[in-house]
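1. what's the 3D shape of this:
(chains A and B)
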Amino acid sequence: MRRGITATALVAALALAATACGSDDKSGGGSSSGELSGTVTWWDTSNVGSEDKVFKKLAEGFEKKHPKVDVKYVSVPFGDAQNKFKNAAQAGSSAPDVIRSEVAWTPDFASLGYLAPLDGTAALKNQDDFLPQAVASTKFEDKTYAVPQVIDSMGIFYNKKLLEKAGVEAPTNLVELKTAAKQIKDKTGKTGLYLRGDDPYYFLSFLYGEGGDLVDAESKTVTVDKPEGVKAFKAVKALVDDGTAKTDASDGWENMMQSFKNGDVAMMINGPWAVADTLTGKEFTDKDNLGIATVPAGSTAHGAPQGGHNLAVYAGSKNLEASYAFVEYMTSVESQATTAGELNLLPTRTSAYAKKEAVNSEIVGFFKPVVETAVERPWIPEGGSLFAPLGVEYTKVLTGQTTPEKAAKSTGDSYRKLLEGWK
Amino acid sequence: MAVHTSQSVVKAAGENDARGRSRGTGTPPPAPGRFRRGLSTHWYAWTMVAPVVLVIGVIIGYPLLRGIYLSMTDADERNVARSIGVNELPATYKFVGADNYIDALTGSQFLGTLGWTLVWTVSCVSITFVLGMGLANILNRRIAGRSAYRMALILPWAIPGFVSVFAWRFLYNEERGLLNKILGGAGIDGIPWLNDPTWAKFAVIAVNVWLGIPFMMVALLGGLQSIPSEQYEAAEMDGATAWQRFRHITLPGLRPVSTTVILLSTIWTFNMFPVIFLLTRGGPGEATQILVTQAYKFSFEISPRDFAQSSTWGVLILVLLMLFAVIYRRVLRTQGDNW
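-> Prediction:
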């Protein structure tokens, strides 16, 4: 029975191999003795090379307060984070304990059951101190799923020297923007504006400027395909067609930041998150060269989107207690004051604005009123889903593959598919 | 060994029939008995193939069947079963039959994407084949520095695909890319390589051709070297021109190799995910989106992720490629290849 022995050995080996895949129990932490321990993995999405250093240092400061906790800082590119988190969260493995979730992602993640409800946990402290518009995005079905970390809006960033050379002021509306760009081109040979063509978020201020919006959550109506939406598509197309603005269908962030930092374009529409990176550019070694004004108004209105980032805890986290404490620490007044001072990011706590770091930051001072009047986005689970269809049509309009009318209609159609029962 | 045992299975079954039924001595042996006897005689063979069957079943069979099943449901991110910590969410998607297929085949998106995918595949394969053939012929002659040339031409193959695609993306950058700087130096306006739909199509095809030539060249070079040189000598003696030699010796001699590489290359190009995804992400707009990148987009990039539609497209891609392979084989067979 030599054959029999080999076969038995084979079967045994197979069985062994099948069962050998043991379970790798993560060392779960907790606070059984009242002291927090274990590992907290945090996925940060801030800009690499400028913001991330400050956030990393800040996160590691948590270890000093709780020596037994090991904070694992992971920098995830903002563009990939939403999908990466969804993949990891659904698979149930390699997901972080805490994620820096963009405001529109938060209701989406919460509705999918990926986030732990935070009401009554250590993560929430002094809830009343938060700006109400920042808190709005953290709620889903009357529960709180995140804590606001930073709030932001958009403005027009300009290169003061270039504008001075051209003899123009920062434009306040689209007409002024066009004449200013023309003058800049004539006097300095540079392009007036960089308009991001690969990210529809940068289209929102133009849409609001024409009095439009993506959807109206209260009356459950899709509004992007109303005449205002068509006008907004026409407006951005005109900017690119007449040479006022330069755009790209890919690598928009890189190209925008490089062109602005090197002085190839005089203006860009951007938010506080871009400040730290902008100041590393050769045109801005003198910080005062960077000017910021409110986004140019459209033909009927004036508006910039309200954005920001929240910190949320993964529902499957093995170390919930420490994660709650970490979120509380990262959104505390002190932490917010640090990021306001070092990165010019806007705090979400009212009391943080009184701290000297925030008071001393001109940029925080500029953006605070902008944020207060910014257009709130619909905080619906599908809020984060509205950008993909818009992005395709927006890029198509800018590259001449479709007309503004068709683009608006097609965006509206995909929204109605997405939002069941909406008008 | 497997071949040997399987033959004996057939033989044993045949004997069984001959002895059992034809004599009509009684009831035929019951099926389970035969199965058991087969098992007892050939258990060793079964054990040996079991791991292969198991592995293939797990890594190909299960995903395939699951994909086909999902394509007949309305599964998306919001209604599949999830278990995240304290949250247990059961699956709530339902069976919808062929609805997804009807939607895909009657809508404009699938057919539009298919159109560009065909253009992309045909142009990539034909250009790669022609250039690979040319280079293989050049390098098949005795020229100075032949091995250096061969090495250089194989280089794109040696570099990981994503690295070269990223390198190309830098080259194509409209403002800061090397290509436009060179054009600018020659006084030509920069080309919007990845920002204009037509140029973007051209750009992705160019990169794929660049990546595909080494394989074509090496395969065809191998084919060329297997053509006996006597045939060329005889043709030369008969006064055949270079073109005639190419037409009547090289091409027929390469036929077994070239039919195979064209089939492989077609399937690979049809599903060439990395080039499109890393270079343009299907953009600008959706100008360079091929079927696989669009299917990926459905299940990983849009929100909520549409698993049903993605699997529908996946199954349709499989069916298309299978149809292609069958027709291709049949055409070759009618032309006298025993394939």
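
2. switch to C-alpha atoms for all contacts and neighbour counts from now on
-> OK.

3. for the nearest residue to A:P381 once chain neighbours are set aside, list the residues it contacts.
-> Closest residue in space to A:P381, ignoring its immediate chain neighbours: A:D108 at 4.2 Å, by CA to CA, 6 or more residues apart in numbering or on different chains. Shown in contact with A:D108 (CA atoms under 8 Å, 6 or more residues apart in numbering or on different chains): A:I380, A:P381, A:E382, A:G383, A:G384.

4. can I get those residues in CSV with neighbour count?
-> What follows is the contacts of A:D108, written out as CSV (neighbours: other CA atoms under 10 Å in any protein chain shown):
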residue, neighbour count
A:I380, 20
A:P381, 21
A:E382, 20
A:G383, 20
A:G384, 22
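
5. between those residues, which is nearest A:L343?
-> Set against A:L343, the nearest of the contacts of A:D108 by CA to CA is A:G384 (25.8 Å).

6. still on that earlier bit, the contacts of A:D108 in strands, which ones?
-> Among the contacts of A:D108, no member is found in strands (DSSP state E).

7. in those, find the pair that's most separated.
-> Spatially, the most separated pair among the contacts of A:D108 is A:I380 and A:G384, at 8.3 Å (CA to CA).

8. okay, the contacts of A:D108 in TSV with pLDDT next?
-> As requested, the contacts of A:D108 are arranged in TSV below (pLDDT from 0 to 100):
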residue	pLDDT
A:I380	88
A:P381	86
A:E382	86
A:G383	84
A:G384	81
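
9. phi, psi of residue 126?
-> Looking at chain A here, since you left the chain open. Per-residue torsions, A:N126: phi 50, psi 60 (degrees, to the nearest 10).

10. over to B:W243?
-> For B:W243, the backbone dihedrals (degrees, to the nearest 10) come out as phi -60, psi -40.

11. so for it, what's the pLDDT?
-> If you check B:W243, the pLDDT there is 90.

12. check contacts around A:F62.
-> A:V69, A:V71, A:F326, A:Y329.

13. now with 10 Å, please.
-> Residues in contact with A:F62, defined by CA atoms under 10 Å, 6 or more residues apart in numbering or on different chains, are A:V69, A:D70, A:V71, A:A325, A:F326, A:V327, A:Y329, A:M330.

14. equivalent analysis for B:E230, please.
-> B:E236 are the contacts of B:E230 under CA under 10 Å, 6+ apart.

15. next: the one 4 residues further on.
-> By CA under 10 Å, 6+ apart, the contact set of B:A234 is B:A240.

16. quick check: it is in a strand.
-> No - counting by DSSP: H, G, I helix; E, B strand; the rest coil, B:A234 is not found in a strand; it is helix.

17. and the residue in the stretch 101-250 of chain B that chain A sits nearest to, what's its pLDDT?
-> Here the stretch 101-250 of chain B gets closest to chain A at one residue, B:N195, 5.0 Å apart by CA to the nearest CA. pLDDT, B:N195: 87.

18. tell me if I'm right that it and B:R169 touch.
-> No - using CA atoms under 10 Å, B:N195 is not in contact with B:R169; the gap is 11.8 Å.

19. got any ranges where chain B has weak pLDDT?
-> B:1-32, B:86, B:336-339 (pLDDT under 70).

20. need the strands for it, in chain order.
-> B:82-84, B:87-89.

21. please apply the same query to the stretch 201-350 of chain A.
-> Counting by DSSP state E, counting those that start in this stretch, residue ranges of the strands within the stretch 201-350 of chain A are A:215-216, A:221-222, A:245-246, A:265-270, A:290-294, A:307-313, A:346-347.

22. tell me which of these sits most buried.
-> Among these, ranked by average contacts under mean count of other CA atoms under 10 Å in any protein chain shown, first place goes to strand A:346-347 (a mean of 30).

23. name the surrounding residues that touch whichever helix or strand comes after it.
-> Sequence order places helix A:356-360 as the next helix or strand after strand A:346-347, per DSSP states H and E. Outside of helix A:356-360, the residues within contact range by CA under 10 Å, 6+ apart are A:334, A:336-342, A:344-347, A:352-354, A:364-365.

24. buried among those residues? Make that a ChimeraX selection.
-> Here is the ChimeraX selection string for the buried members of the contacts of helix A:356-360, based on 16 or more other CA atoms under 10 Å in any protein chain shown:
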select /A:336,337,338,339,340,341,344,345,346,347,352,353,364
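
25. surely A:T41 touches A:A95?
-> Yes - when contacts are counted by CA under 10 Å, A:T41 is listed as touching A:A95 (8.4 Å).

26. okay, and the common contacts of these two?
-> A:S317.

27. name the nearest residue to whichever residue of chain B sits closest to chain A, sequence neighbours excluded.
-> Nearest to chain A in chain B, going by CA to the nearest CA, is B:G85, at a distance of 3.7 Å. Take B:G85 and drop its neighbours on the chain: the residue closest to it by CA to CA, 6+ apart is A:G316, 3.7 Å away.

28. how about the contacts made by that neighbour?
-> Neighbours of A:G316 in contact, by CA under 10 Å, 6+ apart: A:89-90, A:92-93, A:95-97, A:113-116, B:83-87.

29. likewise B:G67?
-> Counting by CA under 10 Å, 6+ apart, B:G67 has contacts B:G61, B:F307, B:A308, B:S310, B:S311, B:T312, B:W313, B:G314, B:V315.

30. apply 7 Å and report the result again.
-> B:S311 (CA atoms under 7 Å, 6 or more residues apart in numbering or on different chains).

31. how about A:G384?
-> A:A104, A:W105, A:D108.

32. filter those down to just the ones in helices.
-> Using DSSP state H, A:W105, A:D108 are the members of these that sit in helices.

33. from the contacts of A:G384, which is closest to A:A238?
-> The closest of the contacts of A:G384, once distances to A:A238 are taken by CA to CA, is A:A104, at 28.9 Å.
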